[in-house]
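Colleague: Provided below are the primary sequence and the corresponding predicted coordinates.
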Amino acid sequence: MIARNRRTRAALVFGVMSLSVATAWAEPSIESAALSPIAKSGLLTITGRGFGADNIVSIDGKVVQHAHIESVAAIACTISPSCKPGFLQTLEIRLPRGLKPGTHSLVVESGGGASNSVVFSTAQ
């Protein structure tokens, strides 16, 4: 019984270590940005990888909000060579008041640096 507890502890410690290493050093990368389908909600969902505990979200070069990770999904690939294994994360922010309708650029900064720039559009 003691040996089984030791193995369980080792497995748990290893799992936590691999999670922190995977997220702490990765440069953030945005895969998509989508506005909430509910009209006038002003919520933007950002999906990507490498986000940290505290993320600085900028729209058109201006910091609009600090965002925390809303959800994480682990992805394991078996067949497709185009599949990206790892942790797919989402952030959710409220768009700033006064943001004019049109096309805007989005960047997320985290401990690993700045993400790629993604373009999204807003309507009236």
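Modeller: In hand now; what should we look at? Please read these numbers as outputs of a predicted model, since none were measured by experiment.
Colleague: what stretches of the chain score poorly on pLDDT?
Modeller: 1-25, 38-41, 124 (pLDDT under 70).
Colleague: quick one: the strands in it?
Modeller: Along the chain, counting by DSSP state E, strands occupy 29-35, 43-49, 55-59, 62-67, 69-75, 86-94, 102-110, 113-114, 118-122.
Colleague: list the helices and strands the fourth one packs on?
Modeller: Spelled out, that is strand 62-67. Secondary-structure packing of strand 62-67 (3 or more Cβ pairs under 8 Å, 6 or more residues apart in numbering; DSSP states H and E): strand 55-59, strand 86-94. No exception for glycine: its C-beta is placed from N, CA and C like everyone else's.
Colleague: how about the first one as CSV, C-alpha atoms only?
Modeller: Pointing back at strand 55-59 there. Extracted in CSV, the C-alpha atoms of strand 55-59 (Å, rounded to 0.1, in the frame of the first residue of the first chain):
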residue,chain,number,x,y,z
ASN,A,55,-2.7,38.2,-20.0
ILE,A,56,-2.7,41.8,-21.3
VAL,A,57,-5.1,42.2,-24.2
SER,A,58,-4.5,45.0,-26.7
ILE,A,59,-6.9,46.2,-29.4
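Colleague: residue 36 is in contact with residue 45, isn't it?
Modeller: Yes: under the criterion of Cβ atoms under 8 Å, residue 36 makes contact with residue 45 at 7.0 Å.
Colleague: about what we covered before: dump the strands of the chain to CSV, plus mean neighbour count.
Modeller: Shown next, in CSV, are those (neighbours: other Cβ atoms under 10 Å):
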stretch, mean neighbour count
strand 29-35, 16
strand 43-49, 20
strand 55-59, 19
strand 62-67, 14
strand 69-75, 12
strand 86-94, 18
strand 102-110, 17
strand 113-114, 12
strand 118-122, 14
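Colleague: so residue 88 versus residue 42, what's the distance?
Modeller: 24 Å (Cβ to Cβ, to the nearest Å).
Colleague: before we move on, what about residue 50?
Modeller: Counting by Cβ to Cβ, the gap from residue 50 to residue 42 is 25 Å.
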